[in-house]
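Chemist: Take a look and give me a structure for this.
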Amino acid sequence: MDRNNQKAILAVLAGIADPVLKKWAQQLAALVPEHSIWRNEAFESAIGAFKGFVETKAEGFSPAAGVAVEKATDFSDFLAGALGAKPGLNLDNWASEVLKDAGERLKNAANPAAELERIKLELKLRKELVELVKAEQPPTPNPPGEKLSKLVETFQTADKNVAEKIETWRKRQTWVKRGR
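Modeler: Numbers count the residues shown, from 1 in each chain. Now for the predicted structure:
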């Protein structure tokens with residue numbers, strides 16, 4: 001059997017290990033504290049650069065060693081992904097993203113009044129969705145922790161701020177049109 005076929009067969013057999021490697025990476029990532037340097041995007045980039053270097057060097061290895069290096073770099077990819085994953089809702093910049101999107105939509109809309117109504121409806125639906133999710137959560141024997149309370153408060157504040165900013169923008173647009 002030639003070298004390429006041997007490497008292909010070994011890669012297929014080693015591919016069976018991917019779910020196990022992914023699970024191990026997730027378990028290892030769970031042990032890393034939330035604000036650790038290992039959860040930084042720079043670390044993920046460094047892993048990617050190191051992976052490219054190692055895989056390039058591994059091309060000259062024997063087929064078995066090359067596949068072993070490939071699985072090791074796959075594990076590093078899984079680990080970097082698990083370290084970078086944010087559990088739960090990510091509300092960072094949520095309000096500014098919605099405002100930016102709303103501003104673009106209103107600026108490009110053929111009918112700004114109709115688009116504003118659609119945006120308001122979307123905001124209302126988001127709020128209802130949050131309330132549904134909260135209602136579906138099983139009651140906890142202990143009162144919600146500080147982080148959960150802060151998360152809910154942040155979401156409610158963001159929702160209120162977005163609605164206020166859109167209303168302010170709408171009033172400014174009405175004033176500008178009247179001033180013409």
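
Chemist: so what's Ile119 up against?
Modeler: Shown in contact with Ile119 (CB atoms under 8 Å, 6 or more residues apart in numbering): Ala102, Arg105, Leu106, Ile166. All C-beta atoms are positioned from the backbone trio N, CA, C, and that covers glycine.

Chemist: ranking those by neighbours, who comes first?
Modeler: Ala102 (21 neighbours; other CB atoms under 10 Å).

Chemist: In which helix or strand does it reside?
Modeler: Element membership of Ala102, judged by DSSP states H and E, is helix 94-108.

Chemist: pLDDT averaged over that helix - what is it?
Modeler: Regarding helix 94-108, the rounded mean pLDDT is 74.

Chemist: buried ones in the next helix or strand along the chain from that helix?
Modeler: Proceeding N to C from helix 94-108, the next assigned helix or strand is helix 112-136, under DSSP H and E. Neighbour counts over helix 112-136 (16 or more other CB atoms under 10 Å) mark Pro112, Glu115, Leu116, Ile119, Lys120, Leu123, Arg126 as buried.

Chemist: can I get the residues you listed in TSV with distance to Leu31 and pLDDT?
Modeler: Putting those into TSV (distance: CB to CB, whole Å; pLDDT from 0 to 100) gives the following:
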residue	distance to Leu31	pLDDT
Pro112	51	86
Glu115	47	87
Leu116	48	87
Ile119	42	82
Lys120	44	83
Leu123	39	77
Arg126	34	69
